[in-house]
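Enquirer: Okay, predicted coordinates and the sequence, questions at the end:
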Amino acid sequence: MRELNLDQLRTLLAVADLGSFSAAARALHLAQPTVSLHITELESRLDARLLVRGHRRVEPTAAGLALLERGRRLLREADEAVEAVRRQSRGLAGRVRLGTSTGVVVDLLPQVLQTLEAEHAGIEVEVNILGSAPALARLAAGTLDIALVALPQPPLAGIAFTPWRTQPVMACLPARWQAPRRITPQWLAAQPLIFNEAGTQLHRLTMAWFAAAGESPRARIEINYDAAILSLVTAGYGAALLPILDPGGAMSDARIQLHPPSPRITRRLGIAHRTQTVDGATAHVLALLKRFRS
């Protein structure tokens with residue numbers, strides 16, 4: 001077998017750098033016969049003489065110099081690999097795959113990611129734009145680590161749900177519409193509407209709001225992309241009900257008027273993750289998300 005032994009390689013570097021077997025033994029906390037054995041076995045393994053004794057110090061041969069040049073790089077990369085594994089196991093580094101909707105990414109996730117960067121710069125969060133159902137399917141399949149989803153959700157084997165945030169749902173109307181003081185289901189049902197796609201939690205929440213008032217409107221279009229919905233609202237195509245965390249902040253737009261519906265609608269969000277043991281990086285992201293609960 002011609003494989004290199006890293007401990008023997010480290011001993012060779014110490015002898016070459018320090019100039020003697022005894023000095024290398026002291027630096028490596030090894031007995032001198034062990035240092036000699038490492039060099040003998042390494043030379044035997046490579047079938048080449050690597051060191052010669054000079055007048056005052058041990059010097060590498062030409063073959064030894066060739067090995068030393070590459071050996072330093074090998075040992076550095078080996079040390080980096082060990083440190084990477086240690087950081088990963090302690091949760092100080094790694095990639096966490098997270099799935100959630102565009103609205104959560106825009107309204108709620110930036111502050112979380114900013115804090116994560118400040119506290120755990122070695123953890124990378126890969127954000128996947130997904131609705132609740134596909135996010136949970138990927139979580140169960142093992143291709144996501146965390147999902148931020150609308151609640152409630154039916155029980156799912158091996159998946160834990162933790163309540164996270166609430167968002168007020170606002171009526172988003174084109175600016176030129178004459179809106180009443182109270183945006184009721186009866187008034188809104190008579191307007192052209194833009195809904196989230198059927199099957200989404202927001203669609204069910206919206207339809208339950210209308211149904212409680214005896215209304216069952218149909219939408220002009222159903223689309224599960226908040227930015228596209230808002231673009232259609234600004235164009236005057238219709239009105240929409242969307243979760244808006246800060247109506248006076250980033251979502252304010254002179255082309256859109258935002259009103260709280262009456263009765264009010266609130267969307268609840270939760271953190272979903274597998275119940276089996278999670279890795280350190282995922283555990284750090286879960287703990288950070290829970291700090292932002294409201």
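Expert: Thanks, I have it. Numbers count the residues shown, from 1 in each chain.

Enquirer: C-alpha from now on. contacts and neighbour counts both.
Expert: OK.

Enquirer: any weak-confidence spans in the stretch 1-150 of the chain?
Expert: Along the stretch 1-150 of the chain, segments meeting pLDDT under 70 span 1-2, 83-84, 87-92.

Enquirer: Quick one: the strands in it, in order.
Expert: Secondary structure of the stretch 1-150 of the chain, counting by DSSP state E, counting those that start in this stretch: strands at 51-53, 58-60, 94-100, 123-129, 146-151.

Enquirer: contact partners of the third one?
Expert: Okay, so that is strand 94-100. For strand 94-100, contacts defined as Cα atoms under 8 Å, 6 or more residues apart in numbering pick out 88, 122-132, 135, 143-149, 281-282, 285.

Enquirer: Next, count neighbours for Tyr237.
Expert: When neighbours are counted by other Cα atoms under 10 Å, Tyr237 registers 18.

Enquirer: ok, it touching Pro192?
Expert: Yes - the pair Tyr237 / Pro192 is scored as a contact, 7.2 Å apart, by Cα atoms under 8 Å.

Enquirer: Point out the most buried one among the strands of the stretch 1-150 of the chain.
Expert: With neighbours taken as mean count of other Cα atoms under 10 Å, those reach their highest mean count in strand 146-151, at a mean of 26.

Enquirer: That strand: what's the following helix or strand?
Expert: For strand 146-151, the succeeding helix or strand toward the C-terminus, using DSSP states H and E, is strand 159-174.

Enquirer: Identify the residue nearest Leu136 in space, chain neighbours excluded?
Expert: Computed as Cα to Cα, 6 or more residues apart in numbering, the closest residue to Leu136 that is not its neighbour in sequence is Ala147, at 6.7 Å.

Enquirer: Report the beta-bridge partners for the most centrally placed residue in the chain.
Expert: Most central in the chain under Cα atoms, centre = their mean is Val125, positioned 2.1 Å from the mean C-alpha point. Val125 has these beta-bridge partners by DSSP bridges: Val96.

Enquirer: how about it, what does it touch?
Expert: Listed by Cα under 8 Å, 6+ apart, the contact partners of Val125 are 95-98, 113.

Enquirer: do the same with Tyr237
Expert: The contact partners of Tyr237, taken as Cα under 8 Å, 6+ apart, are 192-193.

Enquirer: any idea how far it lies from Ile183?
Expert: As for Tyr237, its distance to Ile183 is 18 Å (criterion: Cα to Cα, to the nearest Å).

Enquirer: Pro261 too?
Expert: To Ile183, Pro261 is 5 Å away according to Cα to Cα.

Enquirer: Could you pull out the residues contacting both of the two?
Expert: Common contacts of Pro261 and Ile183, defined by Cα under 8 Å, 6+ apart, comprise Ala171.

Enquirer: and the strands of the stretch 1-150 of the chain as CSV, adding distance to Arg72?
Expert: Converted to CSV, the strands of the stretch 1-150 of the chain look like this (distance: least, Cα to Cα, whole Å):
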stretch, distance to Arg72
strand 51-53, 16
strand 58-60, 14
strand 94-100, 27
strand 123-129, 29
strand 146-151, 40
